[in-house]
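Asks: starting from these lines, generate the structure:
(2 chains)
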Amino acid sequence: MSLVAFLGAVELGLVYALVALGVFLSFRVLDFPDLTVDGSFPLGAAVAATMIVGGSDPWTATLVAVFAGALAGLVTAYVSVRWGVLHLLASILTMIALFSVNLRIMGRPNVALLTQDTVLTPFYGNGLAEHVVRPLFLGLVVCAAAAGLAWFLRSELGLAMRATGANPRMARAQGIRTGGQVMAGVMLSNALVGLSGALFAQTNGFADVTSGVGTIVVGLAAVIVGETLLPTRRIGLALAACVLGSVLYRLAVQLALSADIPGLQASDLNLATAVLVLVALVLPRLKRRVFA
Amino acid sequence: MIEVADLAVTFNAGTPLERQALRGVSLRLENAEFVCVIGSNGAGKSTLLGAIAGDVAATSGRVVLSGQDVTRLPAEERSPHVARVFQDPLAGSCGNLSIAENLALALARGRRRGLRAALGRVSLATVRERSAELGLGLEDRLDQPMGSLSGGQRQALALVMATLAPSSVLLLDEHTAALDPRNAEFVLDLTRRLAERFKLTVLMVTHSMRQALDYGSRTIMLHEGRIVLDVTGPERHDLTIEDLLAEFRKARGGEISEDRLLVG
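Replies: Okay, here's the model as predicted:
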């Protein structure tokens, strides 16, 4: 694998690390399997790209993309909590709806950003190659997001959110409004995914309405790889494991692609990822059965 | 002080499964009063506790905790008034959170939660001190998951958790029923000590008549959703298990057969 390919994989891994953090929050902390991310990832990309092309400041565009992601999360959580729709179904409905919304926002299936200023533009041209600047910049963003999330989850509110996922009845007995916690958590999760989408568009130079397919599985794969390599109950380390898992997952994919395994082609990636996640989900159960 | 006025709870009203769990219960507990509740299965004991805590909606009647009418409030909004320990040791805490984190959750019961660290210096000191008092060595294991503890240890901590923040009433729903006799004894003794120390108003459901007479200052018997016996003072002091059994027979109008009432 060349250095450029390596750094490219790290870069993509860091972009999806934000998805992994969001998926960790919904799946692991809240126990709320949320597929909205397949829609909120391209939503973040669409909002950021459309606004940048329209002449907005890229930071403003990124911020609006984050809020758009949060709003998508709120829709899913509200439908599930207030109207009692099964969480999986609620998130699938939002995901499907977002496909249309994203097309409306962009006005066409994809928007190119190649000639536009992005949040990265000020960092280019200071002696470092662009393919080095990008992972460095993303690394900083991801570290800040993970540190912020770790700080939040250790606060009183964050602990209330963790209790909501772990034991809702106990949480209510302690005065925690579990419905509100779920809404806040799923919003925060999708805000991170929206940010991921916005940064994906700006580092790759385009936004595409189909770029969200399989986001949830990639995020889940990152979480599971991280948990397997770095099993921990410390919340800060668990978040670091998500980031690590996302980068390692991308490196493994890059390695597999460059190794030219006979009989496999690049389009088999989603199938391979699905099998990987399935194995990781089933393995602990098989282990228990074998050793029980 | 807590007051329950003419409280009725009907499950599945208007369906063939309709069941009147409570049929007009009125009850008043003074501050620092420790009341034991007995009754056979289906008498309405757990429903009464659930209706006070807010898990079960009242069909009619009122629940007033420390002067506030909470009848229409959900459980989480009654939490400043209500501390609870459940029968199932797994129900009252989060198994995958650490001991310290569980205690921190209980420390914030009934007040606004903010962005300050859940386990800051002050709360950590409180948590350590209160778990050390148990004498189980748990203060050195605060970072371990709650799920690694035995049922007895978890119930003891659940009691500590229930007394970390002030409450108008402590609801104990057969909180020793899932424990072995030695652990049950420890938890009951702890219950008595904490109730005296913090002058708690306690409503304890038990299925042991021995406990119902030995603990607290007042015994209430529920039967088919009504209070059929309410004794306190010297009258209660002279009461024996045989007397209680006789009351049960009277209430049922027949023999006690399939009950899980324990005489011992």
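Asks: what separates the stretch of helix or strand residue B:101 belongs to from the chain centre, distance-wise?
Replies: Here residue B:101, judged by DSSP states H and E, is contained in helix B:99-107. Distance of helix B:99-107 from the chain centroid (Cα atoms, centre = their mean, to the nearest Å) equals 19 Å.
Asks: kindly report the same for stretch A:63-82.
Replies: Taking Cα atoms, centre = their mean, one finds stretch A:63-82 lying 14 Å from the centre of the chain it belongs to.
Asks: residues touching it, excluding its own?
Replies: Stretch A:63-82 has contacts (Cβ atoms under 8 Å, 6 or more residues apart in numbering or on different chains) with A:32, A:34, A:36, A:39-40, A:43-45, A:47-48, A:51, A:56, A:85-87, A:90-91, A:93-94, A:97-98, A:179, A:182-183, A:185-195, A:197-198. The C-beta positions use only the backbone N, C-alpha and C, and glycine is treated the same way.
Asks: quick one: which of the residues you listed sit in helices?
Replies: Using DSSP state H, A:39-40, A:43-45, A:47-48, A:51, A:87, A:90-91, A:93-94, A:97-98, A:179, A:182-183, A:185-195, A:197-198 are the members of the contacts of stretch A:63-82 that sit in helices.
Asks: just the buried ones from those, in ChimeraX syntax?
Replies: Only the buried members of these enter the following ChimeraX selection, criterion being 16 or more other Cβ atoms under 10 Å in any protein chain shown:
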select /A:39,40,43,44,45,47,48,51,87,90,91,93,94,98,179,182,183,185,186,187,188,189,190,191,192,193,194,195,197,198
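Asks: can you give me the strands for chain B?
Replies: Ranges of strands in chain B, per DSSP state E, are B:2-11, B:19-29, B:34-38, B:60-65, B:68-69, B:82-85, B:169-173, B:202-205, B:218-223, B:226-232.
Asks: which bits of chain B sit near chain A?
Replies: Residues of chain B found near chain A (Cβ under 8 Å from any Cβ of the partner chain) are B:53, B:55, B:74-77, B:79-80, B:82, B:84, B:91-98, B:101, B:104-106, B:108-111, B:113-119, B:145.
Asks: hmm, which of those are the buried ones?
Replies: Buried among the residues of chain B next to chain A by 16+ other Cβ under 10 Å: B:53, B:55, B:75-77, B:79-80, B:82, B:84, B:91-94, B:97-98, B:101, B:104-106, B:108-110, B:113, B:117-119, B:145.
Asks: for the stretch 151-292 of chain A, which residue gets nearest to chain B?
Replies: residue A:175 (3.1 Å; Cβ to the nearest Cβ).
Asks: spell out which residues of the stretch 101-250 of chain A are next to chain B.
Replies: A:152, A:154-160, A:162-163, A:166-167, A:169-178, A:233.
Asks: packing partners of the helix holding residue B:101?
Replies: helix A:156-166, helix B:121-132, helix B:151-162 (3 or more Cβ pairs under 8 Å, 6 or more residues apart in numbering or on different chains; DSSP states H and E).
Asks: from residue A:281, how far off is the residue lying closest to residue A:277 once chain neighbours are set aside?
Replies: The shortest distance from residue A:277 to any non-neighbouring residue, by Cβ to Cβ, 6 or more residues apart in numbering or on different chains, is to residue A:221 (5.1 Å). Here residue A:221 is placed at a distance of 10 Å from residue A:281 (Cβ to Cβ, to the nearest Å).
Asks: of those two, which one has the most company?
Replies: Taking neighbours as other Cβ atoms under 10 Å in any protein chain shown, residue A:221 and residue A:281 compare with residue A:221 leading, 26 against 11.
Asks: what's in contact with the strand or helix carrying the more buried one?
Replies: Using DSSP H and E, the element containing residue A:221 is helix A:215-229. For helix A:215-229, the surrounding residues in contact (Cβ under 8 Å, 6+ apart) are A:13, A:16-17, A:19-20, A:22-24, A:27-28, A:34-35, A:37-38, A:41, A:193, A:238, A:240-246, A:248-249, A:270, A:273-274, A:276-277, A:280-281.
Asks: go again with 6 Å.
Replies: Contacts to helix A:215-229, defined as Cβ atoms under 6 Å, 6 or more residues apart in numbering or on different chains, come from residues A:16, A:19-20, A:23-24, A:35, A:37-38, A:41, A:241-242, A:244-246, A:248-249, A:273, A:276-277, A:280.
Asks: go on, stretch B:31-50?
Replies: Contacts for stretch B:31-50 (Cβ under 6 Å, 6+ apart): B:1, B:9, B:21-22, B:29, B:56, B:171, B:173, B:195, B:199, B:201-206, B:212, B:215-223, B:225, B:259.
Asks: hmm, which of these are the buried ones?
Replies: B:9, B:21-22, B:29, B:56, B:171, B:173, B:195, B:201-206, B:212, B:215-216, B:218-223, B:225.
Asks: distance of residue B:46 relative to residue B:221?
Replies: 15 Å.
Asks: again with residue A:149
Replies: 53 Å.
Asks: residue B:82 against residue B:53, yeah?
Replies: Yes - at 5.1 Å, residue B:82 counts as touching residue B:53 under the criterion of Cβ atoms under 6 Å.
Asks: where does chain B dip in pLDDT?
Replies: Applying pLDDT under 70 to chain B flags residues B:254-264.
Asks: distance of the closest residue to chain A within it relative to residue A:280?
Replies: Sorted by distance to chain A under Cβ to the nearest Cβ, the residues of chain B start with residue B:79, at 3.1 Å. From residue B:79 across to residue A:280, the span is 38 Å (Cβ to Cβ).
Asks: could you do residue B:119 as well?
Replies: Going from residue B:119 to residue A:280 by Cβ to Cβ gives 31 Å.
Asks: quick check: chain neighbours aside, which residue is closest to residue 236?
Replies: Since you didn't name a chain, this refers to chain A. Nearest to residue A:236 is residue A:150, by Cβ to Cβ, 6+ apart, at 4.2 Å.
Asks: think we crossed wires, I meant chain B
Replies: In this structure, residue B:236 finds its nearest non-sequential neighbour in residue B:219, 5.8 Å apart by Cβ to Cβ, 6+ apart.
Asks: OK, contacts around the one you found?
Replies: Counting by Cβ under 6 Å, 6+ apart, residue B:219 touches B:36, B:212, B:231, B:236.
Asks: what residues are bridge-paired with the third one?
Replies: When bridges are called by DSSP bridges, residue B:231 pairs up with residue B:219.
Asks: run a quick neighbour tally on it.
Replies: Using other Cβ under 10 Å: residue B:231 sits among 18 other residues.
Asks: what of the first one?
Replies: Here the neighbour count serves as a burial measure; for residue B:36 (other Cβ under 10 Å) it reads 24.
Asks: got the contact list for the nearest residue to it once chain neighbours are set aside?
Replies: Nearest non-adjacent residue to residue B:36, counting by Cβ to Cβ, 6+ apart: residue B:212, 4.2 Å away. Each residue near residue B:212 by Cβ under 6 Å, 6+ apart is listed here: B:36, B:38, B:206, B:219.
Asks: same question, residue B:51
Replies: Contacts of residue B:51 by Cβ under 6 Å, 6+ apart are B:7, B:9, B:58.
Asks: so which of those comes closest to residue B:178?
Replies: Comparing these against residue B:178 with Cβ to Cβ places residue B:9 closest, at 24.5 Å.
Asks: the closest one against residue B:21, yeah?
Replies: Yes - counting by Cβ under 6 Å, residue B:21 is a contact partner of residue B:9 at 4.7 Å.
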